[in-house]
Structures are given as structure tokens and as C-alpha cells.
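# quick one, what's the 3D model for this:
(4 chains)
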There are 2 protein chains.
Amino acid sequence: MSVRSVPRYRELKDGIIARIATGELKPRDRVPSENELAGTHGVSRMTANRALRELHAEGYVERIAGRGTFVADLRAASHVLEVRNIAEEIAHRGHRHSARVLELARRPADAEVARALAVRPGSEVFRALVVHAENDVPLQLEDRHVAACFAPGFLEQDYTVTTPSAYLSAVAPLARAEQVVRAELPDPSVRQHLHMPEGEPCLVVVRRTFARGRPVSYGRLHHPGSRFELAGRYTPPGAGRGGRQRKATQP
Amino acid sequence: MSVRSVPRYRELKDGIIARIATGELKPRDRVPSENELAGTHGVSRMTANRALRELHAEGYVERIAGRGTFVADLRAASHVLEVRNIAEEIAHRGHRHSARVLELARRPADAEVARALAVRPGSEVFRALVVHAENDVPLQLEDRHVAACFAPGFLEQDYTVTTPSAYLSAVAPLARAEQVVRAELPDPSVRQHLHMPEGEPCLVVVRRTFARGRPVSYGRLHHPGSRFELAGRYTPPGAGRGGRQRKATQP
DNA sequence: CCCGGCAGGTTGTATATACAACTGGCGCCA
DNA sequence: TGGCGCCAGTTGTATATACAACCTGCCGGG
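Modelled structure (predicted):
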């Protein structure tokens, strides 16, 4: 008997999200039915139901009674109101995520990084520089610094299959995040990594995350202005029900 | 036996949301436990569990195993991307806000505006074009279109002393807002109004507000990239165990 | 007095079962 | 041929049950 730390409905969800992220499941593709999932994974139908129902609530899939479950169509924009990693974001839009690691090393902190992570300048921190692509088109240059003591295994991860954010949130529960959004002209190196023409602006998100009251990571995320935008939705409390409106199937 | 058009778990959810909306349940108050709800409403514990679980996923309540369910604390839920009234924003920084009205008129809707406001192309809408300045330095060019039927007095306001957003939120209770943020190079006219050097990018916020289920206003807000940025903070619900952070909607 | 353990309440998960409502296709019948 | 109805598959809901993990307060032993 193995100890199960993660619940089975969560395993099912993560598995389907991964299949969307890798492109194995594309928008409008059919997702296995509840009974199929129950059979292949050895769980009850109710557990499969919960996994698919939550994926629906989170916008990954569309469900039609009597027909089946399908990968949701691409969405126009991402949600800035949610702290999620770029791979999930791309999967959420029904596209394929891939990543290229440009650097993954131990480095002394410069002044800006040291201030952001609340360490002494020159002390060693981990740094990852990764280009994330959506259907092979670069969409984000992630320049992330991590306080060494909080994530000892940070340098041993393969960031083509996971993402720094995913590893960090697995290692240390996210307690708080701060972010700043601005428009900038990119450095030549950034422009090159993102395949941007000269003169095109970047949408830059600078994000700092905290766990146990201390800064854990500091990320500068550059996005090509022509291919990326942030969207948010706001509903005052008490106005209608949350969640996404689906096409009403009943009168 | 009466026909039940709405499922019971949803009745439970709506009942609790209503009790929060009326103030009968305040933040940090205890919500009845699953067993209590099951008993008082004559449903099984699993049905009560689903209602509370979904309320948690939607951010209404906080759940702690072994302790109970509590109304979520709104303090923690602050906008990650808060587009506040520009006058308040400037006042908050201790600076002086001033505005110059470039246009305030009735106009036929072009295709983009008509689509955004869900009116027929060519039908008349109100338009305001205002430059907002901080200590006389231009900080925002507000290009706003308003559906005529919702704000009959829109053209009679003096937007050097109030702002279009302030007037709209006073006239029609905000039911929903959508916003998109992107980085763009400005048109020459925009650049001139904002006193921007050539080549400097803009941070553009496109915002649409809804009341009574219909679009009310559509605003395009251009800001000089070198002088403006959006900042936000985020605290996930249930900062203990790596929870599923869900949609974050807040005041 | 302090501390450990236990009892009871609460949430979290998993399962088996049941029925309703809806969809799509197949086959039967006029 | 055309239409109708049935059936298999799918999702949606509701329930009873079971066990695990967790928290709090209480009580008793040291």
C-alpha cells in the first residue's frame, strides 16, 4: 500500500492538463468520458466526475450532457487576476506549451536582486532564464531568481517539462505575491529571444513571491506586446454567480 | 413532489451567498458545518459538502479541516490588477490631478465601439476624450464611449472636476467589468496628447463595464510607459496547503 | 501544575448506487 | 423513402457509507 499524498481526482486533473499542455489533446478534442477514466485509472465514476467537473469550472474543458467532454476553445487573453504559471495558462487556452532553458545556475546576487530577495548583495542565489513558447512561438522570457535556502533542488529540475513556478509552489506554499506591470522597449537580447521586430514594445510583469513571510523568488517576465495581453474580470460580491457562463443548454 | 429545476447544492450556495450579501454573515463568521446544513436542509452531507466546496473554490469562504467553514476575509483579496479611478490614484500619491476635456459629444458608433457596447453600428453613443495629468504632466488619455440610454446626463458633466468613471459608477451600479492590458506603440495623436517622445511605448488598458447585464461603457486608457505602471498584490485563499486558487474577484 | 492522550466534531476523499435528462444513431414501420 | 421511437452512451444530481486527517477542549496521570 503506497501512501497517497495527492488525491486521485487531482492526479486525473493534472494528467489531463498535462495532455493539453503537450498538445496531445487539442481544442475541441474529446476527453475520455467519466466511465472511461474510471475504468482506465481504476477509480469510481464519481471521482472521475469530480476531476472533469473541476476542470470545467476552471475553464479547461467544455461538457455537454449526452455528448461528452471536450477541450475548451482558445480564450482571447490570460487572467492577471490569477497567479498561475505560463504552462497552465497556455494549456488553458488550449495550446501547446514548450520551453527552452537558456541558463540554470548559481550566481551572486546583484543589487536589484539582493534587495528584492532580502539577501546580502553578492550572496549566492539561483537563477533560471527560460523562454516559454505557445505552439512554438515565444511568448514569455522568464528571468527568475530564487533564494537558495528555500528551494534546494531548484537547479536539478528539468524546466522543459515543468516550470519554475510549478516547482516553487510545490516546494513552498505560496503565501503572497506582488506584481508590477509596465510597458517597455526590450533590450536587444530580450528582443532576440522573443523573436520581436525592432521597435515593438514588451509587456513586462515583475513578480515577487513570498512564503513563510520571506521573499522566495523574484521574476521578470517579458512578453511581446503584439502577441500577449493580460485580461482580468471583476464582479462585485453578490452580483450573479461566479464561474464562467456556459451556453445555456436549457430554456 | 414538486419539480426541482434548480439543484439542491445550488440552493444551498445561493442561500449562503445571500446571507453574506445582506451582512447576516460577516467576514470570519462561521458558516454552518456540512452536517448542520445537511440536517437543517434535509440533504445528505455530500450535497452540503459540494455546496461548501464550490463556495470555497469561488473564494466566498475559507475551509479549515477540523475547525469549520468561515466567511472569507476580504482584506486578503486585493486586486492583483486594480485599475482605479485615475484621480484617486493621483490623489493617493499626494499629487495634484487636473484634466483637460478634448471632446465631449454625441457620435455615431464605429464598428469597434458598436461591438463593444452591443449596439448597432452607426447608432448614437456618447464619447468623452480627456487628458488626465499629475502635477500638470499628462498621465492618461481617456477615450470613453458610453451607451446613451444608460447615462442620459453624461454630456452635462464637468469632467475637470469629476471623472467619467466616477459619474458612471454613481449613475449605474457596476455589475461587471472586463479589462485587458497590453503594451503598444501609440498613434502620433496619442503621443502628442501625452507628451511622449517617439518610440516610447504605451501601457494600454481597455476596459468595459456592464450594468443590468448589458455593456454600459467602453474605455481605452493610454498611459506613457515611462511614467506609469500597474501594481498589485495577491494572497491566495487558504494560504496553508497548496490550494487551487480560483477566480479572484474582489471589490 | 503541566502535559499527554482521548473523545468528539469537522473537513477531505473515495466508493457504490440510483435515477433523470439529454444526444446520437440505428432500426423498425408506415 | 421518410419519420418515429427506442436504446446505448454521456453528463448531472443526490444519497448512504466509510475512513483518514485534523483541531479543540477536556480529563486524568505524573
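# please make it C-alpha for all contacts and neighbour counts, starting now.
Fine.
# quick check: phi and psi at A:Phe150.
phi -90, psi -20 (degrees, to the nearest 10).
# how near is it to A:Val113?
15 Å (C-alpha to C-alpha, to the nearest Å).
# ok, these two, which is more surrounded?
More crowded of A:Phe150 and A:Val113, by other C-alpha atoms under 10 Å in any protein chain shown: A:Val113, with 22 against 17.
# got the contact list for the more buried one?
A:121, A:145, A:218 (C-alpha atoms under 8 Å, 6 or more residues apart in numbering or on different chains).
# mark which of these are buried, thanks.
A:121, A:145, A:218 (16 or more other C-alpha atoms under 10 Å in any protein chain shown).
# skipping its backbone neighbours, what lies nearest the most centrally placed residue in chain A in space?
Geometric centre of chain A, nearest residue: A:Asn85, 1.9 Å, by C-alpha atoms, centre = their mean. Spatially, and ignoring its direct neighbours in sequence, A:Asn85 is nearest to A:Ser165 (5.9 Å; C-alpha to C-alpha, 6 or more residues apart in numbering or on different chains).
# count the residues that sit near the one you found.
A:Ser165: 20 surrounding residues under other C-alpha under 10 Å.
# can you tell me how far it is from DNA strand D?
24 Å (C-alpha to the nearest atom of the strand, to the nearest Å).
# name the helix or strand for that residue, please.
For A:Ser165, the host element (DSSP states H and E) is helix A:164-171.
# go through that helix and flag the buried ones.
Buried residues in helix A:164-171, counted by 16+ other C-alpha under 10 Å: A:164-165, A:167-169.
# try stretch A:31-44
A:31-34, A:37-38, A:43.
# so is it next to DNA strand C?
Yes. Residues of stretch A:31-44 contacting DNA strand C under C-alpha under 7 Å from any atom of the strand: A:42-44.
# then stretch A:7-23?
Yes. Under the criterion of C-alpha under 7 Å from any atom of the strand, stretch A:7-23 makes contact with DNA strand C via A:7-10.
# reformat those residues as TSV; add distance to DNA strand D, neighbour count and secondary structure.
Shown next, in TSV, are the residues of stretch A:7-23 next to DNA strand C (distance: C-alpha to the nearest atom of the strand, whole Å; neighbours: other C-alpha atoms under 10 Å in any protein chain shown; DSSP: H, G, I helix; E, B strand; the rest coil):
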residue	distance to DNA strand D	neighbour count	secondary structure
A:Pro7	11	9	coil
A:Arg8	13	16	helix
A:Tyr9	14	18	helix
A:Arg10	16	15	helix
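# among those residues, which one lies nearest to B:Leu230?
Set against B:Leu230, the nearest of the residues of stretch A:7-23 next to DNA strand C by C-alpha to C-alpha is A:Arg10 (34.1 Å).
# residues contacting the closest one?
Under the criterion of C-alpha under 8 Å, 6+ apart, the neighbours of A:Arg10 are A:Ala51.
# quick revisit: next secondary structure after the helix holding A:Ser165?
Once the chain leaves helix A:164-171, the next helix or strand it forms, by DSSP H and E, is strand A:176-184.
# how about the helix or strand following that next one: buried residues?
Downstream of strand A:176-184, the first helix or strand assigned by DSSP H and E is helix A:188-193. Neighbour-count burial for helix A:188-193 flags A:190-191 (criterion: 16+ other C-alpha under 10 Å).
# partners of the helix or strand just after helix A:188-193 in the sheet?
Downstream of helix A:188-193, the next assigned helix or strand under DSSP H and E is strand A:202-211. Here strand A:202-211 has these sheet partners by DSSP bridges: strand A:176-184 (antiparallel), strand A:214-224 (antiparallel).
# returning to what we had before: mind picking the lowest-pLDDT entry from the buried ones among the contacts of A:Val113?
Within those, A:Pro121 has the lowest pLDDT, namely 87.
# am I right that it sits in a helix?
No. Counting by DSSP: H, G, I helix; E, B strand; the rest coil, A:Pro121 falls outside a helix, being coil.
# surely it and A:Arg107 touch.
No. A:Pro121 is not in contact with A:Arg107 according to C-alpha atoms under 8 Å; the separation is 11.0 Å.
# below-threshold pLDDT in the stretch 1-150 of chain A: ranges please.
Applying pLDDT under 70 to the stretch 1-150 of chain A picks out residues A:1-4, A:74-84.
# and the helices in it?
A:8-21, A:34-41, A:45-57, A:86-92, A:111-117 (DSSP state H, counting those that start in this stretch).
# so how far is the first one off the chain centroid?
Same thing as helix A:8-21. Relative to its chain's centre, helix A:8-21 lies at 14 Å (C-alpha atoms, centre = their mean, to the nearest Å).
# how confident was the prediction at A:Arg212?
64.
# then the one 4 residues further on?
Each residue has a pLDDT score; the one for A:Val216 is 87.
# let me know how buried the residue nearest to A:Leu12 when sequence neighbours are not counted is, in neighbour terms.
Closest residue to A:Leu12 apart from its sequence neighbours, by C-alpha to C-alpha, 6+ apart: A:Ala51 at 6.2 Å. Residues contacting A:Ala51 under the criterion other C-alpha under 10 Å number 21.
# measure A:Ala51 to chain B for me?
13 Å (C-alpha to the nearest C-alpha, to the nearest Å).
# got it, and A:Leu129?
With distances taken as C-alpha to the nearest C-alpha, A:Leu129 is found 22 Å from chain B.
# please give me every residue in contact with A:Asn35.
A:45, A:48.
# isn't A:Ala118 right next to A:Pro215, touching?
Yes. Assessed by C-alpha under 8 Å, A:Ala118 is found in contact with A:Pro215 at 6.8 Å.
# now the strands paired with strand A:202-211 as TSV including distance to B:Arg191?
As requested, the strands paired with strand A:202-211 are exported to TSV (distance: least, C-alpha to C-alpha, whole Å):
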stretch	distance to B:Arg191
strand A:176-184	14
strand A:214-224	20
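# closest one of the contacts of A:Val113 to DNA strand D?
Of all these, A:Tyr218 has the smallest distance to DNA strand D: 29.4 Å, by C-alpha to the nearest atom of the strand.
# hang on, that closest one packs against A:Pro164?
No. Using C-alpha under 8 Å, A:Tyr218 makes no contact with A:Pro164, being 11.1 Å away.
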